[in-house]
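Q: The following comprises the amino acid sequence and a computationally predicted model.
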Amino acid sequence: MDFSLLRNIISRYCVGEEIWVDSRTVYIGHKEPPPGAEAYIPQRYPDNRIVSSKYTFWNFIPKNLFEQFRRIANFYFLVIFLVQLIIDTPTSPVTSGLPLFFVITVTAIKQGYEDWLRHKADCSINECPVDVVQQGKVVRTQSHKLRVGDIVVVREDETFPCDLILLSSSRHDGTCYVTTTSLDGESSHKTYYAVPDTMAFRTEREVDSLHATIECEQPQPDLYKFVGRINIYTDKEEPVARTLGAENLLLRGATLKNTQHIYAVAVYTGMETKMALNYQSKSQKRSAVEKSMNAFLIVYLCILISKAVINTVLKYAWQWSPDRDEPWYNHRTENERQRHVVIRAFTDFLAFMVLFNYIIPVSMYVTVEMQKFLGSYFITWDEEMFDEELGEGAQVNTSDLNEELGQVEYVFTDKTGTLTENNMEFIECCVDGNVYIPHAICNGQILSAASSIDMIDSSPGGYRREHEDLFFRALCLCHTVQVKEEETVDGIKRGIHQGRPTSFYISSSPDEVALVEGMKRLGYTYLRLKDNYMEILNKDDEIERFELLHVLNFDSVRRRMSVIVRSSSGEYLLFCKGADSSIFPRVVSGKVEQVKARVEQNAVEGLRTLCVAYRRLSQSEYEEACHQLTEAKLALQDREQRLAQAYDIIERDFVLLGATAVEDRLQEKAADTIESLHKAGMKVWVLTGDKMETAAATCYASKLFRRSTQILELTKKRTEEQSLHDVLFELNRTVLRQRSISGLSVDCLDFGLIIDGATLSAVLKPNQERANPSNYREIFLEICRNCSAVLCCRMAPLQKAQIVKLIKASKEHPITLAIGDGANDVSMILEAHVGIGIMGKEGRQAARNSDYAIPKFKHLKKMLLVHGHYYYIRIAELVQYFFYKNVCFIFPQFLYQFFCGFSQQPLYDTAYLTLYNISFTSLPILLYSLVEQHVTMETLKREPSLYRDIAKNSLLRWPVFLYWTCLGVFDAVIFFFGAYFLFDNTTFTSNGQLMTTNTQMMFGNWTFGTLVFTVLVFTVTLKLALDTHHWTWINHFVIWGSLLFYVIFSLLWGGIIWPFLNYQRMYYVFMQMLSSGPAWLSIILLITVSLLPDVIKKVLCRAVCPTATERAQSTRPCLTVEPSTIFMLSQSSSRMSF
Amino acid sequence: MMASSYNAKEEDGHHSGASSHGAAGAVKSKKPDNTAFKQQRLPAWQPILTAGTVLPAFFVIGLIFIPIGIGLFVSSNNIKEFQIDYTGVDISSPCYSCAKNFSWNSTTPCVCYVPFTLNQSFESNVFMYYGLSNFYQNHRRYVKSRDDSQLNGDRSALTNPSKECEPYRTSDGLPIAPCGAIANSLFNDTLELYHIDSNGTSNPIPLAKKGIAWWTDKHVKFRNPGGNNNLSVAFHGTNKPVNWRNPVYELDPSDPENNGFINEDFIVWMRTAALPTFRKLYRIIQKKPNTTPTLPSGKYLLTITYNYPVLSFDGRKRMILSTISWMGGKNPFLGIAYITVGSICFFLGVVLLIIHHKYDTRNNSADIPN
């Protein structure tokens, strides 16, 4: 209590003057409420300006710089740069300033350009004209000038400028049609309603005379939720209150269709509109590779710091004698001498840090970003993932997770629309146990009604006849399908009357469309909804009209929907259709047994079943229901809950009519895909809201469960018999026993688990009675771990996310992937490490919220097995190679400190230090990380088990990292001491100096550095060449090109006296080196020695214990051979020698 | 960084409500191009490093490296080299007194004589080096303490040398030419060589002091201000380095062309050595036109004008005489390294052959049931 009070005070204090209230009151047309109304709480609303841009002209530079330097890497390099500027450091600030400047500038230009585009888009949106009613006249103004409370006129095909409450429309029934394609991707027209009290206003003047206030909640991002109330003040009477729901709220971004114009009042504007609130970017997902990269970075940072510390300490130990510190030939300046020794030591430490800072290369981040960004294009370019029907290929919404696609261990897939087509086809219906099967459509013509019903039970009776009529009518009436006309209103009339299907049905649920279309084939055609009357063309070509009184909408909790209609004879009828589990408990009469048997039989065949029931309402019952519904709908708070209660009361005492069966065919190659995923070592879980039997049938069809699979059931039915505790333990025992037996032969028997939503929540529910609440959870996870396939049925959307979370948090921390197509999969897509959306029929929400979107489930195979695999090996090599080449680069510098009195003398010239990572060694690895294919695509697809080779981040684990680092250190030692012994070999019997025959010139320290650097560049590039398994002409071009570039650059850099440079230390150094025979010989020798261990390791590993990948490599046919001298030589000689 | 562009695209998509006309055109272009690059199907050569393919390479490397190594080793061994330490650490050493009594202010040079005997005669050109040990020419403070513009004859740099030269930038208010620690510590011992023939007379051996520096250094990188004429005028207004006895334009009194910044001893010194123990070319003893050896075996006398103190930092000074071969000076390391690497490769080749033979048959037999 105290805390909440405190919190209130604090929050109020923090908000300041503005008083935060739960609801807002909007005065339509800015008219003051009549006296006596509730206290007027002034609230300030933003104007209707949309600001998606991040920067303004003035704050671009500071803000962008701030954003960029918030990245830890950029900040690190900035610090290094500043240190270089401030203190006297071995390398000039240019060496780190230039790359940093380059990176920052490129990023800033890119972001600036994007922001400029956003500014332009904002501008065109904010300035688009809007018609507003002011003093009874239509005034044209600009969109950003709209205020809350303004009455807006929107015409057909115009986009709503802000969130509006519909007041009236040009249609007589006060409805308007809207498409929300740009919001959620659903292309169907949705109907929005005006409040009855305002729908009569036809002209501006009338609308302007409206005196009303709207109370509504503060803006929230949920597109489908809105709670509000409109109070209409009429002269001297009590205000009339009407509820407002999501069906009254027109959202910004949606477009008005099939309606001439509407009047509406603005309630949420600008950045408070639901569309703007939905901009909020999703939380960033980080890939496992990135995590290990960061871990490596920390290791290198530690190495860097310890190197600097070691050198600083050694420096001061070494300098202890003044003769070494300041010999006569090398005095300090006065300034330096006066500096305190601690400051000097600290400066030295920083200088060492600067000298070795290249071990963490700025270019790695740029290269990784580029690799991800450019690499992701291969997904969008992939022709095999292009779907002709949809006309779309794969989409990449984030390129950060490319490599995570190669690491997936758990695949969570939705069933409907993902595994299956979500292309519903009406198969049969059964009325009281009699089965009706519509004949196939021939030549697009619907067969005449009489012949289309296949009478199985041909004993007609009054009772049966009546049920049959009711059943068909129920299916024709109980839905939310809309009829879409071809063009105009005249079009439908003509179309329908000529018996031509020029109109088609649209609904957010494909099941409903299938049912209504099925009914059409059985002779009952739903024509349209007109003025609240539903019109049906029955078997005898008569039009029946039913007044639609109430629609009790479908929701996933109730799993049913109902309509209340009044027939032409004045009867009140409630029709309900829904899942069997939600209908049967509410049925009081009807042939339950027969229907149930049929439903179960259909479910086993993998058909989607729905049960249909009805209830006759008396006048008083109807009024009672009506009252409850209106009351619930009017409620401002807890409306959902109260509606649910009302529904619960109304939907009872049903008479069962029958059931329908709709087939949802498996997607093309779904079974093949699942089989491949299994072979690749992934565990596939199907999470569906469907019932167990249907889902299990689909699982069998899609080979998720095989005939040999032993099914473990963890369902409500079983837990009712035994306690959950016993069931769990029993299953666990079964699994463990099996595992101990099959320890020798791994795949003799695999388990499949079926669990339903109710049991799952029982398992996950924290158990108060027991000491350890996570006990069930652990056992459940243990069981799941041993099952190759798991089917979770009857899942609510949130439960799907819960499951994903549960697996994510289990102790192995596996990488999860969720794939789904509908809005109900969004939560799990967002939760999983990688979320994949299928561009399905149920809107684009899943695709929009996903990280990657693909047109069909079958594309998942290529996405994971080929693209994911490639991306992973590419980025793994990229990361390891970057660290390797920088160890090679910096370790000789470290060694050199021991020979130059720890004076931070750089080994290499400034130009080499700067350009090593930027140009000499950057392109080959970038190209490698874009095009490398260690195994061909066909092999990867053919042998999914290769995916296991890279599981668990195997290429970036510590032993591999250690190997690369050791290799780097080894190479560095070879470079340095190789050159050292060539330059100074006092340890040998005699000492000599590198000389050339013609000039006999001496080589200095820069030649020493250049020799090391040349060996370094060649070794590092050739090491990559050894790792490259896929040599396209681009690889040849880039690898040999960058070596050539190095040589040409060095010749040029040393070739002339560079003006504007205050040193000419590299002048002719490279040429002199090349003119010396021993230098050539030693370069060749050192390169050979450096590469030798890696080659031996590779060859030995391949020969002694080859991985599956390596086996696949050696068995593949060498189809495409391009000539290359060295390797051709070795290959041809190998052929000769064996 | 790059990934953020996707968000921008998405947002743009939301904004553009009226992009319907654009969408129609986009549908066509959405189909990805079927090019080899975009479909990642570029023709490629796919080498694999197996024992079979690497084996010949190992043998080839072994077969090439071992002869090269032997050649290098033999030619290195044929090089004759002689060196003598004249620092004067021991009391017995002839330069002991010079080393002991060294003082910066002494005006009379201390001369010491070191006799030595060559057991073998030196054919062809002989190169004479001085070697210094424990002298950190590669110390950072030292390496950067020079002004290349000044050395290149830049007049403004002559009168206003770079800050890097501190504390050897100015003396007595005048800029130092050449400035910096490197120039200041120029090696200034004078070494002369006499051959003592059988009857005890000592004949001076002609030592060529030209042609010891890089051609490009002498002709391009180092230049006197205002040409080579009248150097004393050109260097007017500058001071000599503190430790020097003579100004820069009087480095070589015998040859006016070898003065100023283009003095070859100076140029050689200015190329800082890579390691604390180093040798620098001092003089060349040209091969005589007749067939007699350049330095016949016998007794010699080295005369040293001892100007350069090294004992304060525990350094050593040496004089080295050496001949050269096609691969440079005496350096057995390279030859030994080549032989070693070649043998290792050959050995590995044999090991791999065994492994290849053993595992390849095993793999083949394992493959058959598949």
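A: Looks like it arrived, so ask away.
Q: Now do the longest helix along chain B: which elements does it pack against?
A: As assigned by DSSP state H, the longest helix anywhere in chain B is helix B:332-367. Under the contact criterion of 3 or more Cβ pairs under 8 Å, 6 or more residues apart in numbering or on different chains; DSSP states H and E, helix B:332-367 touches helix A:958-983, helix A:1077-1104, helix B:51-78. C-beta here means a position set from N, CA and C on the backbone, and glycine is covered the same way.
Q: any idea how far the residue in the stretch 601-750 of chain A positioned nearest to chain B lies from A:Lys861?
A: Residue of the stretch 601-750 of chain A nearest chain B, by Cβ to the nearest Cβ: A:Lys679 (15.2 Å). With distances taken as Cβ to Cβ, to the nearest Å, A:Lys679 is found 11 Å from A:Lys861.
Q: Of the two, give the one with the bigger neighbour count.
A: A:Lys861 (23 against 15; other Cβ atoms under 10 Å in any protein chain shown).
Q: Do me a favour and average the pLDDT over the strand or helix carrying the more buried one.
A: Following DSSP states H and E, one finds A:Lys861 within helix A:859-861. When pLDDT is averaged over helix A:859-861, the result is 92.
Q: Helix or strand next in line after it, which one?
A: helix A:869-897.
Q: Point out the other elements, helices or strands, that that following helix touches.
A: In this structure, helix A:869-897 packs against helix A:288-318, helix A:341-356, helix A:362-375, helix A:922-931, helix A:958-983, helix A:1005-1027, with contacts taken as 3+ Cβ pairs under 8 Å, 6+ apart.
Q: ranges for the helices of the stretch 101-250 of chain B?
A: Ranges of helices in the stretch 101-250 of chain B, per DSSP state H, counting those that start in this stretch, are B:140-143, B:148-151, B:155-159, B:181-184, B:215-216, B:231-234.
Q: can I get those in CSV with mean pLDDT?
A: Output for the helices of the stretch 101-250 of chain B, formatted as CSV (pLDDT from 0 to 100):
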stretch, mean pLDDT
helix B:140-143, 92
helix B:148-151, 90
helix B:155-159, 88
helix B:181-184, 93
helix B:215-216, 84
helix B:231-234, 87
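Q: how about the ones you listed in TSV, adding mean neighbour count and distance to chain A?
A: Below are the helices of the stretch 101-250 of chain B laid out as TSV (neighbours: other Cβ atoms under 10 Å in any protein chain shown; distance: least, Cβ to the nearest Cβ, whole Å):
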stretch	mean neighbour count	distance to chain A
helix B:140-143	24	4
helix B:148-151	25	4
helix B:155-159	16	9
helix B:181-184	25	5
helix B:215-216	16	4
helix B:231-234	16	20
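Q: okay, the ones you listed in a markdown table with distance to A:Gln893 next?
A: Formatted as a markdown table, those follow (distance: least, Cβ to Cβ, whole Å):
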| stretch | distance to A:Gln893 |
| --- | --- |
| helix B:140-143 | 12 |
| helix B:148-151 | 23 |
| helix B:155-159 | 30 |
| helix B:181-184 | 22 |
| helix B:215-216 | 27 |
| helix B:231-234 | 40 |
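Q: Out of those, flag the one nearest A:Ile1034.
A: Among the helices of the stretch 101-250 of chain B, helix B:215-216 comes nearest to A:Ile1034, with 37.9 Å by Cβ to Cβ.
Q: can you give me the strands for chain B?
A: Ranges of strands within chain B are B:81-85, B:110-118, B:126-133, B:170-171, B:174-175, B:190-196, B:202-204, B:278-285, B:298-306, B:316-322, based on DSSP state E.
Q: Could you do the stretch 551-700 of chain A as well?
A: All strands of the stretch 551-700 of chain A, identified by DSSP state E, counting those that start in this stretch, fall at A:560-566, A:572-578, A:587-589, A:607-617, A:654-666, A:683-687.
Q: How about A:Leu1043: what's its closest non-neighbour residue?
A: Spatial nearest neighbour of A:Leu1043, chain neighbours left out: A:Thr1021 (5.7 Å); criterion: Cβ to Cβ, 6 or more residues apart in numbering or on different chains.
Q: Just to check, the one you found is in contact with A:Leu1044?
A: No: A:Thr1021 lies out of contact with A:Leu1044 (Cβ atoms under 8 Å); the separation is 10.7 Å.
Q: Out of these two, name the residue with the larger neighbour count.
A: Neighbour tally, A:Thr1021 and A:Leu1044, criterion other Cβ under 10 Å: the higher count belongs to A:Thr1021, 23 against 11.
Q: any idea how far B:Thr272 is from the more buried one?
A: Distance of A:Thr1021 to B:Thr272, given as Cβ to Cβ: 29 Å.
Q: Map the structural domains onto the sequence of the chain.
A: In the absence of a named chain, this looks at chain A. Following the TED database, chain A resolves into domains at A:52-80+A:87-128+A:337-359, A:146-278, A:366-376+A:878-987+A:1003-1113, A:401-419+A:667-739+A:749-766+A:774-854, A:429-449+A:465-486+A:502-659.
Q: Correction: the question concerned chain B.
A: According to the TED database, the ranges for chain B are B:51-79+B:329-358, B:93-324.
Q: So which of those is nearest A:Asn59?
A: Among the domains of chain B, the nearest to A:Asn59 by Cβ to Cβ is domain B:93-324 (38.7 Å).
Q: for that closest one, the distance to its chain's centre please.
A: 17 Å (Cα atoms, centre = their mean, to the nearest Å).
Q: A:Thr1019 touches A:Val887, doesn't it?
A: No: with contact defined as Cβ under 8 Å, A:Thr1019 does not count as touching A:Val887 (11.9 Å).
Q: Need the residues touching each of those two.
A: A:Asp971 (Cβ atoms under 8 Å, 6 or more residues apart in numbering or on different chains).
Q: follow-up on the earlier one: read off the pLDDT value for the residue nearest to A:Leu1043.
A: A:Thr1021 is assigned a predicted lDDT (pLDDT) of 96.
Q: now swap in A:Ser452 and tell me
A: You'll see A:Ser452 listed with a pLDDT of 37.
Q: One more: A:Pro460?
A: Note for A:Pro460: predicted pLDDT of 47.
Q: hmm, back to that, the helix holding A:Lys861 - contacts with which helices or strands?
A: Where contact means 3+ Cβ pairs under 8 Å, 6+ apart, helix A:859-861 is packed against helix A:670-679.
Q: if I pick the closest residue in space to B:Gly211 that isn't next to it in sequence, what's in contact with it?
A: Leaving aside its sequence neighbours, B:Gly211 sits nearest to B:Ile284 (Cβ to Cβ, 6+ apart; 6.2 Å). B:Ile284 makes contact with A:1000, B:125-128, B:207-208, B:211-212, according to Cβ under 8 Å, 6+ apart.
Q: give me the beta-bridge partners of B:Ile284?
A: B:Phe127, B:Ala208 (DSSP bridges).
Q: where does chain A have its least confident helix or strand?
A: helix A:449-452 (a mean of 37; mean pLDDT, DSSP states H and E).
Q: in the helix or strand just after it, what counts as buried?
A: Following helix A:449-452 in sequence order, the next helix or strand is helix A:462-477 (DSSP H and E). Along helix A:462-477, these residues count as buried under the neighbour rule (16 or more other Cβ atoms under 10 Å in any protein chain shown): A:464, A:467-468, A:470-477.
Q: of the residues you listed, the lowest pLDDT goes to which?
A: A:Arg464 (68).
Q: picking up where we left off before, of all the helices of the stretch 101-250 of chain B, which one is nearest A:Glu621?
A: Nearest of the helices of the stretch 101-250 of chain B to A:Glu621, taken as Cβ to Cβ: helix B:140-143 at 97.8 Å.
Q: between the strands of chain B, which one is nearest to A:Glu544?
A: Closest approach to A:Glu544 among these is made by strand B:278-285 (109.6 Å; Cβ to Cβ).
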